[in-house]
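Colleague: what's the 3D shape of this:
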Amino acid sequence: MKSSIQENAEGKMHRIKGRIKAFAGKIVGNRNLETEGKDENLAGKVQEKIGKAKKIIKK
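Modeller: Numbers count the residues shown, from 1 in each chain. Down below sits the predicted model:
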């Protein structure tokens with residue numbers, strides 16, 4: 001099982017990657033890449049929330 005810190009860090013990484021993909025897709029006009037980026041950004045947010053929940057549960 002991943003630690004809360006690791007979940008948080010991976011979530012932030014996915015959010016950044018998602019934002020970059022969405023921005024690149026928007027600039028290039030590639031809707032698939034833009035959607036993929038938005039999905040990855042959302043998945044990163046969820047992963048961060050999981051990390052925060054694990055931290056709270058540990059207390």
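
Colleague: what's the distance between the residue nearest to Thr35 when sequence neighbours are not counted and Arg19?
Modeller: Leaving out its chain neighbours, the residue that sits closest to Thr35 by CB to CB, 6 or more residues apart in numbering is Gly25, at 7.4 Å. In short, each C-beta sits where N, CA and C put it, glycine included. Applying CB to CB, to the nearest Å, the value for Gly25 to Arg19 is 11 Å.

Colleague: joint contacts of those two?
Modeller: Gly37 (CB atoms under 8 Å, 6 or more residues apart in numbering).

Colleague: hmm, back to that, number of nearby residues for the residue nearest to Thr35?
Modeller: 18 (other CB atoms under 10 Å).

Colleague: in this structure it contacts Asp39, no?
Modeller: No. Between Gly25 and Asp39 there is no contact under CB atoms under 8 Å: 11.2 Å.

Colleague: who are the neighbours in contact with the spatially most central residue of the chain?
Modeller: Centre of the chain computed as the mean C-alpha position; nearest residue by CA atoms, centre = their mean is Gly44, 1.7 Å away. Residues near Gly44 by CB under 8 Å, 6+ apart: 10-18.

Colleague: okay, those residues in CSV with distance to Lys49, secondary structure and pLDDT next?
Modeller: Formatted as CSV, those follow (distance: CB to CB, whole Å; DSSP: H, G, I helix; E, B strand; the rest coil; pLDDT from 0 to 100):
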residue, distance to Lys49, secondary structure, pLDDT
Glu10, 12, helix, 92
Gly11, 8, helix, 93
Lys12, 12, helix, 95
Met13, 15, helix, 96
His14, 12, helix, 95
Arg15, 11, helix, 96
Ile16, 16, helix, 97
Lys17, 17, helix, 96
Gly18, 15, helix, 97
